[in-house]
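1. Predicted model, plus sequence, below.
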Amino acid sequence: MVLLLAAAVAVAGWGMLGQGRAVLRAGVRAVIQLAAVAFVITWVVHSLWWTALFVLLMFSVAVRTAGRRMTDAPGWAWAWAAVPLGAGVLPVLALLLVARLLPLQGLSIVPVAGILIGGGLTATSLAGRRALDELAQRHGEVEAAMALGLDDRDARLEICRTAAATSLVPALDQTRTVGLVTLPGAFVGMLLGGASPVSAGAVQLFVLVALLAVEAVAIVVVLELVGRGLVRRPVEWGR
């Protein structure tokens, strides 16, 4: 692990990606965080109350991370990330529990919730960044659209919707190539745990489809926030 992390840092530095320190920090944080999770997960999963608090902690960290990736505007602007994340994750997680596809047990809820929140985080941060980058690069086109009679929201969405929509591509590719290119973690984990290939495949399938739903909703909500000017770059806050 140490050698692989050192190699990743060295390659990032050699390629002048400007992310060498970020790679190192991410690797060290992963070690610390997984060690902490391994320590607490054994008793968290035995209580639904502690499970709920743990999921809330995961959600809060995801909101902070996605919000900071979207915008570094002052104050609590990053907190808007809770809207797309919540809109995507909470209904899907509730549906899985109500339909009994997901047992009401901490050992089942925590990993699935983590997968869904992680997918929502990625979609939210990517959609937000791509939408705002597109608006910054094509600001003149936004002004032109407004001059033609479109309101602020419609003008922004006209320019940034296509760029933000590409944030769904990783989830689409993962779903399209599952079993052919990749064997996702849920599938492999269940096989190693002794489940039959059919059962493991069924669980992995509903996780992948649930991820598509979570990420699609998150991207649509992010676009609405950007279109309404609730999420924007710092330079726009003075306007």
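-> Looks like it came in fine.

2. If you average pLDDT per helix and strand, which one of the chain comes out bottom?
-> Of the helices and strands making up the chain, the lowest-confidence element is helix 234-237, at a mean of 55, by mean pLDDT, DSSP states H and E.

3. Spatially central residue for this protein, please.
-> Nearest to the mean C-alpha position of the chain, counting by C-alpha atoms, centre = their mean, stands residue 121 at 1.9 Å.

4. Distance check, the closest residue to it other than its chain neighbours against residue 120.
-> In this structure, residue 121 finds its nearest non-sequential neighbour in residue 62, 4.2 Å apart by C-beta to C-beta, 6 or more residues apart in numbering. C-beta coordinates here come from the backbone N, C-alpha and C atoms, glycine included. Look at residue 62 and residue 120: by C-beta to C-beta, to the nearest Å, they are 7 Å apart.

5. any residues in contact with both of these two?
-> Common neighbours of residue 62 and residue 120 (criterion: C-beta atoms under 8 Å, 6 or more residues apart in numbering): residue 85.

6. Okay, now the unreliable bits of this structure?
-> The model of the chain has pLDDT under 70 over residues 184-186, 190-193, 234-239.

7. Now do the helices in it.
-> Taking DSSP state H as the criterion, the chain contains helices spanning 2-14, 20-44, 48-70, 82-98, 106-137, 139-147, 152-165, 169-177, 185-192, 197-227, 234-237.

8. Spit out the contact partners of the residue nearest to residue 121.
-> 81, 85, 117-118, 120-121.

9. Surely residue 104 is in contact with residue 51?
-> No. With contact defined as C-beta atoms under 8 Å, residue 104 does not count as touching residue 51 (9.4 Å).

10. Next up, the contacts around the residue lying closest to residue 70 once chain neighbours are set aside.
-> Distance criterion C-beta to C-beta, 6+ apart; nearest residue to residue 70, sequence neighbours excluded, is residue 128 at 3.1 Å. Counting by C-beta under 8 Å, 6+ apart, residue 128 touches 66, 69-71, 81, 164, 222, 225-226, 231.

11. Of those - the most surrounded one?
-> Greatest neighbour count in the contacts of residue 128, by other C-beta atoms under 10 Å, goes to residue 222: 33 neighbours.

12. Leaving out the residues flanking it, which one is nearest to it?
-> Using C-beta to C-beta, 6+ apart, the closest residue to residue 222 is residue 127 (4.3 Å).

13. Just the closest of the contacts of residue 62 to residue 140, please.
-> Among the contacts of residue 62, residue 81 lies closest to residue 140 (C-beta to C-beta), at 28.1 Å.

14. Please report the distance of the residue nearest to that closest one when sequence neighbours are not counted from residue 129.
-> Distances taken as C-beta to C-beta, 6+ apart place residue 67 nearest to residue 81, at 3.6 Å, with adjacent residues excluded. Per C-beta to C-beta, residue 67 is found 11 Å from residue 129.

15. what does residue 65 give?
-> Distance of residue 65 to residue 129, computed by C-beta to C-beta: 12 Å.

16. that older thread, could you report the neighbour count for the residue nearest to residue 222?
-> For residue 127, using other C-beta under 10 Å, the count is 30.

17. Going forward, the N-terminal residue is numbered 333.
-> Will do, 333 is the new start, and the previous item becomes residue 459.

18. need the contact list for it.
-> Contact analysis of residue 459 by C-beta under 8 Å, 6+ apart lists 416, 496-497, 499, 550-551, 554-555.
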